[in-house]
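Visitor: Just to be clear, the model below is a prediction. Sequence and coordinates:
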Amino acid sequence: MDESGSNSLKILGISGSPRKGATDFLVREALKLAGEKYGAETDYFSAKGKKMEFCIHCDYCIREKKGCIHKDDIAAELYEKMIWADAWIIGTPVYQGNVSAQTKTILDRCRAVVARDPKAFLNKVGMGLADGGDRVGGQEPAIQTLLNFYIINEMIPVGGGSFGANFGATFWSKDLKAEGVSEDSEGMRTLRKTLRKLIETTWLVKRAGLPDETGSRDSKSTVPP
Ligand SMILES: Cc1cc2nc3c(=O)[nH]c(=O)nc-3n(C[C@H](O)[C@H](O)[C@H](O)COP(=O)(O)O)c2cc1C
C-alpha cells in the first residue's frame, strides 16, 4: 500500500502522436488491458491538440529548481501524472526512423522535473511502444530512445522478453491509423508481452520496499538492505 492508501498499480499512458490514430489507439488498448487484466489504475495523456513548447535550454529549471519556465500543457497536466504513476507506457509514431518531435519534446521537458527533484522518477518502470508506416521503419531505434530516457532518469526500462518482443511493443500501421495496427496480430502479441513485463516489474519494485540512506523502508530508494 502506498502513501495514498492505494494498493493497485498506477499506470500512465502517453501518446506522442499529434493525432487520433494508431498510437492513441494502442496506448489506450494497453491501458485498457492494464485495467481489465491486472486491476491497474490508469491515466492518459495525448500530445494531440496540446500546447507543448520545446526545451530552450535556458537552465531556469537548474537555477531555480521550481520546474519549467514554460507554462503549457506539459506543465499544467503531464508532470503531475508522471509523478503520480508507478509505471509509464510511452507510445510514439516513428518519424524519420525515430520518435516523433512531440514525443521528444515531452522527454526533453522532463529535465525540469528532475532538476527540481533528482529522484522524481526513481524506480518508476517504463516500457516503449512504437508504430511505423513501414514494417521495418525505425520502430527499434524509436523504442531505444525511450529506453535510454528511462535509464538516464533512473527509471527501470523493460522490454517484452525474448521470442517476439525483445525491446518492447512494435507495430506496422501501414499508415492506416487504428485500423492498420489493430490488424497487426504480431504487434498485439508484443504489446501483451511487454505490458505483462511492465506489470510484473512494477509489482516487484512496489513490494521490495528497499530502505533508503536513513534506513527507513521506502520503495523509491536504491540502497540495498
Ligand atoms: C513526418 C513523418 C515521418 C514519418 N517517418 C516514418 C519513418 O521513418 N518510418 C515509418 O515506418 N513511418 C514513418 N511515418 C509514418 C508514421 O510513423 C505512421 O503512419 C504511424 O503509424 C502514425 O501514427 P499515428 O497514426 O499515431 O499518428 C512518418 C510519418 C510522418 C508524418
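Guide: That came through fine.
Visitor: The longest helix seen in the chain and the ligand in contact?
Guide: In terms of residue count, the longest helix belonging to the chain (DSSP state H) is helix 185-208. No: in terms of Cβ under 6 Å from any ligand atom, no part of helix 185-208 sits within range of the ligand; the closest distance is 10.7 Å. Every C-beta, even on glycine, is put in place using the N, C-alpha and C of the backbone.
Visitor: Now do that helix: which elements does it pack against?
Guide: Contacts of helix 185-208 with other secondary structure elements, assessed using 3 or more Cβ pairs under 8 Å, 6 or more residues apart in numbering; DSSP states H and E, are made with helix 22-38, strand 87-95, strand 125-132, strand 156-158, strand 169-172.
Visitor: okay if I get these as CSV plus mean neighbour count?
Guide: CSV is the format used below for these (neighbours: other Cβ atoms under 10 Å):
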stretch, mean neighbour count
helix 22-38, 21
strand 87-95, 27
strand 125-132, 29
strand 156-158, 22
strand 169-172, 27
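Visitor: Now do residue 201: how many residues are near it, please.
Guide: Residue 201 has 19 neighbours, counted by other Cβ atoms under 10 Å.
Visitor: my guess is it meets residue 160, correct?
Guide: No: under the criterion of Cβ atoms under 8 Å, residue 201 makes no contact with residue 160, lying 11.4 Å away.
Visitor: Could you count how many residues lie near residue 186?
Guide: Residue 186 is surrounded by 12 other residues when neighbours are defined as other Cβ under 10 Å.
Visitor: leaving aside the residues next to it on the chain, what's closest to it?
Guide: Of all residues not flanking residue 186 in the chain, residue 164 sits nearest, at 7.4 Å (Cβ to Cβ, 6 or more residues apart in numbering).
Visitor: Please name the residues that touch that neighbour.
Guide: 186, 189-190, 193 (Cβ atoms under 8 Å, 6 or more residues apart in numbering).
Visitor: Reformat the helices and strands packed on helix 185-208 as CSV; add distance to residue 52 and mean pLDDT.
Guide: Converted to CSV, those look like this (distance: least, Cβ to Cβ, whole Å; pLDDT from 0 to 100):
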stretch, distance to residue 52, mean pLDDT
helix 22-38, 15, 98
strand 87-95, 14, 99
strand 125-132, 19, 98
strand 156-158, 23, 98
strand 169-172, 23, 98
